[in-house]
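In: Dropping a prediction and its sequence here:
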Amino acid sequence: MAPVTTGPIDVEALRKDFPLLSRTVHDRPVVYLDSAATSLQPRSVLAAMDHYYETTHANVHRGVYATAEEATRLYELARRAAGRFVGAPDPDHEVVFTKNATEALNLVAHSWGRTNLKTGDVVLLTEMEHHANIVPWLMLAEERGIELRYLPVGDDGRLDLTDLDRLLDGVKLVGVSAMSNVLGTINPLADIAVAAHERGALVVADGAQSVPHLPVDVRSLGVDFLAFSGHKMMGPTGIGVLWGRAELLDAMPPFLGGGGMILDVRTDRFVPADVPHRFEAGTPPIAEAVGLTAAVEYLEQVGMERIRAHESALTGYALDAIASRLGGDCRVFGPTSVDGRGGVLSLAYRDVHAHDLAQVLDQYGVCVRAGHHCAKPLMRRLGVSATARASIGPYNDEGDIDTLIEGLAEAGRLFG
Amino acid sequence: MSDLEDLYREIILDHYRSPRNRGELPSPPAHRVEGFNPLCGDEVVVTMVVEDDRLADIKIGGTGCSISQSSASLMSGAVKGKTLPEVRELVRTFKSMMSIHEASLEGEVPDELLNPAELGELAALQGVVKFPVRIKCATLSWNALVQGLEELAQATP
């Protein structure tokens, strides 16, 4: 852990916290540029989970013995850490743990959607949503005939809000990504939330990409729900978060049924528990929650403002270096400047297919994602079937970008 | 870079740059099948004409990576004009070459499992088995072909 907590991140020191960065792939140091898919974990997260399993493990909210009490306390402290990280005013009543961000969005669609949406109601999404914020609504549309509309993406890779007022007509809920997992675009959530609320619509934000990379505060964003994922913010897989305004969650019926989510069960009926346990059926991801706390503490110690500054500078370096060294051969989708843009670089190189680019890059130890990034409507809008996506994390440096460019140039030679 | 050269052999790059039997046959009378690789978004359109128990004509459309495109091109050349039993035998041999992948999950990939002579140019795709994720690319068009032949068999009792 870098001891300095102001000024630029000491990346060289920070990299030492991530064991995976010390391995080699094809006899080369690994160059990890896939943080938009999942981040790496610092040693402190892994140690916290090990420590929990070695000293404390017990089921939560069930036992009265000492370790069970401790496990329950650690699990509930994770709720506070997750809430604190996104500025939740009352984490104990507003933070629901799920399996991942996808389940968090499904929870909103299933529970809030089935309670509040009827035939003819409109849900407004955007063309840049991840499938996780499209398919649950499509399922609801099939089931009860709600209408889906999409805010268009402009040629600059940003949402085109020109027709927002018109598109909001009859809308009950707006589902919008805080930051695109394909274009890196950071969307103006606060503006959209103001416009939506004026028309009586709620806003569910997909924060899977924004929460790990930007300072996020649900109060200043003004959204009503925020979904995010543990494993993209240096925590473990298997845990996600739904933050929702307490009064909304209070009025929502359970999503999954089972143990832990009830006050009483008879043979013919049940009484659900209060929020948040109402939405946490079955044994929850306890060790993962402990890991998430450690991840939040790590990110807080580095500082989200500094992470954003570092990633923004490195994104600028990448945009410039790609343009100057590869020229017109390499196209980067999304905004061309770092303003309102995160470190997600979707690339097309000449007419080399994304799969082939990723395969050549792998030989350089470079980890990138190739494909449609679970955003097929956006891929159609961009007019491509797949892109190679390099995405930046706090542990990346200019050397990583240089290796990426070296690999792209080699792919150009191979397929030229 | 030897693994990479093994994957992207010259024959593969040649078929990728200059795909054979490219396009779509008018359907009908040709039978048309679409195949998708949900992992990467690759799409293949196989159109085929079967006459007298023989695959009289075949064309390949769609978009995809060098492996899926070259595999489809190589396949079209290998099956065109063959009798259906010959086509099925070739599909079986090709698929068994690709299924080495299941063994690779357990341990080392054997370098050679089949007699490449049986497969002709298709043997160039053998390098793919060292890259398990790419096997779906290589088999995309073959699965569409199999689906088409099955549909045709069901349609003509």
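Out: Happy to help now that I have it. Residues are numbered from 1 along each chain as shown, chains lettered A, B, ... in the order given.
In: can you pull the contacts of residue 81?
Out: Going with chain A. A:292-293, A:296-297 (Cβ atoms under 8 Å, 6 or more residues apart in numbering or on different chains). In this view, the C-beta of every residue, glycine as well, is placed from N, C-alpha and C.
In: if you could check chain B rather than the one you did, that'd help
Out: By Cβ under 8 Å, 6+ apart, B:Gly81 lies in contact with B:54-56.
In: which one of these is nearest A:Gly258?
Out: The shortest approach to A:Gly258 among the contacts of B:Gly81 belongs to B:Leu55, at 53.7 Å (Cβ to Cβ).
In: which SS class is that closest one?
Out: strand (DSSP: H, G, I helix; E, B strand; the rest coil).
In: Quick check, it in contact with B:Lys82.
Out: Yes. Between B:Leu55 and B:Lys82 a contact is recorded at 5.7 Å, counting by Cβ atoms under 8 Å.
In: Name the residue in these two with the higher neighbour count.
Out: Between B:Leu55 and B:Lys82, B:Leu55 has the larger neighbour count (other Cβ atoms under 10 Å in any protein chain shown), namely 22 against 16.
In: Tell me what the more buried one is bridged to.
Out: B:Val50 (DSSP bridges).
In: Secondary structure element for A:Arg84, which one?
Out: Element membership for A:Arg84 (DSSP states H and E) is helix A:66-85.
In: Please save the CA atoms from that helix in PDB.
Out: Provided in PDB are the C-alpha atoms of helix A:66-85 (Å, rounded to 0.1, in the frame of the first residue of the first chain):
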ATOM      1  CA  ALA A  66     -19.700 -16.100  19.800                       C
ATOM      2  CA  THR A  67     -18.400 -16.800  16.300                       C
ATOM      3  CA  ALA A  68     -21.900 -16.600  14.900                       C
ATOM      4  CA  GLU A  69     -22.400 -13.200  16.600                       C
ATOM      5  CA  GLU A  70     -19.000 -12.100  15.100                       C
ATOM      6  CA  ALA A  71     -19.900 -13.300  11.700                       C
ATOM      7  CA  THR A  72     -23.200 -11.400  11.800                       C
ATOM      8  CA  ARG A  73     -21.500  -8.300  12.900                       C
ATOM      9  CA  LEU A  74     -18.900  -8.500  10.100                       C
ATOM     10  CA  TYR A  75     -21.700  -9.100   7.600                       C
ATOM     11  CA  GLU A  76     -23.700  -6.100   8.800                       C
ATOM     12  CA  LEU A  77     -20.500  -3.900   8.900                       C
ATOM     13  CA  ALA A  78     -20.000  -4.800   5.200                       C
ATOM     14  CA  ARG A  79     -23.500  -3.300   4.600                       C
ATOM     15  CA  ARG A  80     -22.400  -0.100   6.200                       C
ATOM     16  CA  ALA A  81     -19.100   0.000   4.300                       C
ATOM     17  CA  ALA A  82     -20.800  -0.600   1.000                       C
ATOM     18  CA  GLY A  83     -23.400   2.100   1.800                       C
ATOM     19  CA  ARG A  84     -20.800   4.600   3.100                       C
ATOM     20  CA  PHE A  85     -18.800   4.100  -0.200                       C
END
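In: What's the mean pLDDT across that helix?
Out: Helix A:66-85 shows a mean pLDDT of 96.
In: With stretch B:147-157 instead?
Out: 85.
In: Mind listing what's buried along it?
Out: B:148-149, B:152 (16 or more other Cβ atoms under 10 Å in any protein chain shown).
In: quick check, nearest of those residues to B:Ser18?
Out: The closest of those, once distances to B:Ser18 are taken by Cβ to Cβ, is B:Gly148, at 24.1 Å.
In: doesn't B:Met48 make contact with that closest one?
Out: Yes. With contact defined as Cβ under 8 Å, B:Gly148 reaches B:Met48; the gap is 5.4 Å.
In: where do the contact lists of those two overlap?
Out: Common contacts of B:Gly148 and B:Met48 (Cβ under 8 Å, 6+ apart): B:31, B:33.
In: Could you pull up the residues touching the residue in the stretch 151-300 of chain A positioned nearest to chain B?
Out: The stretch 151-300 of chain A approaches chain B most closely through A:Val182 (12.2 Å), counting by Cβ to the nearest Cβ. By Cβ under 8 Å, 6+ apart, A:Val182 lies in contact with A:128, A:333-334, A:344, A:346, A:373, A:375, A:378-379, A:382, A:387, A:389.
In: Which one of the residues in chain B is closest to chain A?
Out: For chain B, Cβ to the nearest Cβ, closest residue to chain A: B:Cys65, 3.7 Å.
In: got the contact list for that residue?
Out: A:353-356, B:40, B:42, B:134, B:137.
In: what residues does chain B put near chain A?
Out: With the criterion set to Cβ under 8 Å from any Cβ of the partner chain, chain B comes near chain A through B:1, B:3-4, B:7-8, B:13, B:16, B:39-43, B:63-67, B:131, B:134, B:137.
In: Let's see that with 7 Å instead.
Out: B:1, B:4, B:7-8, B:39-43, B:63-66, B:131, B:137 (Cβ under 7 Å from any Cβ of the partner chain).
In: what's stretch A:353-367 in contact with?
Out: By Cβ atoms under 7 Å, 6 or more residues apart in numbering or on different chains, the residues outside stretch A:353-367 that reach it are A:24-26, A:28-34, A:349, A:368, A:370-371, A:386-388, A:403-404, A:406-408, A:410-411, A:414-415, B:1, B:4, B:7, B:40, B:64-66, B:131, B:137.
In: And the helices in chain B?
Out: With helices called from DSSP state H, chain B shows them at B:2-7, B:10-17, B:66-79, B:84-98, B:100-106, B:135-155.
In: Of these, which stretch is the most buried?
Out: helix B:66-79 (a mean of 26; mean count of other Cβ atoms under 10 Å in any protein chain shown).
In: between that helix and helix B:10-17, how big is the angle?
Out: With axes from the mean of the first three to the mean of the last three Cα atoms, to 10 degrees applied, the angle from helix B:66-79 to helix B:10-17 works out at 100 degrees.
In: Which neighbouring elements make contact with helix B:66-79?
Out: Secondary-structure packing of helix B:66-79 (3 or more Cβ pairs under 7 Å, 6 or more residues apart in numbering or on different chains; DSSP states H and E): helix B:10-17, strand B:42-51, strand B:54-63, helix B:84-98, helix B:135-155.
In: just to revisit the earlier point, take the contacts of A:Val182 and keep only those in helices.
Out: Using DSSP H, A:378-379, A:382 are the members of those that sit in helices.
In: Dump these to JSON lines, plus neighbour count, distance to B:Arg32 and pLDDT.
Out: Shown next, in JSON lines, are the ones in helices among the contacts of A:Val182 (neighbours: other Cβ atoms under 10 Å in any protein chain shown; distance: Cβ to Cβ, whole Å; pLDDT from 0 to 100):
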{"residue": "A:Leu378", "neighbour count": "29", "distance to B:Arg32": "28", "pLDDT": "94"}
{"residue": "A:Met379", "neighbour count": "20", "distance to B:Arg32": "23", "pLDDT": "91"}
{"residue": "A:Leu382", "neighbour count": "22", "distance to B:Arg32": "27", "pLDDT": "92"}
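In: Just give me the closest of those residues to chain B.
Out: A:Met379 (6.5 Å).
In: packing partners for the helix ranked longest in chain A?
Out: The longest helix of chain A (DSSP H) is helix A:304-326. For helix A:304-326, the elements it packs on are strand A:330-332, helix A:398-415, judged by 3+ Cβ pairs under 7 Å, 6+ apart.
In: Go again with 6 Å.
Out: helix A:398-415 (3 or more Cβ pairs under 6 Å, 6 or more residues apart in numbering or on different chains; DSSP states H and E).
In: Could you check the angle the helix it packs on makes with helix B:66-79?
Out: When the same axes, to 10 degrees is applied, the directions of helix A:398-415 and helix B:66-79 differ by 20 degrees.
In: what does helix A:398-415 rub up against?
Out: If you take Cβ atoms under 6 Å, 6 or more residues apart in numbering or on different chains as the criterion, helix A:398-415 is touched by A:31, A:317-318, A:321, A:325, A:349-350, A:352, A:357, A:360-361, A:364, A:366, A:390.
In: So of the contacts of B:Cys65, which two are at opposite extremes in space?
Out: Greatest spatial distance in these: A:Ala354 and B:Arg134, 12.5 Å, computed using Cβ to Cβ.
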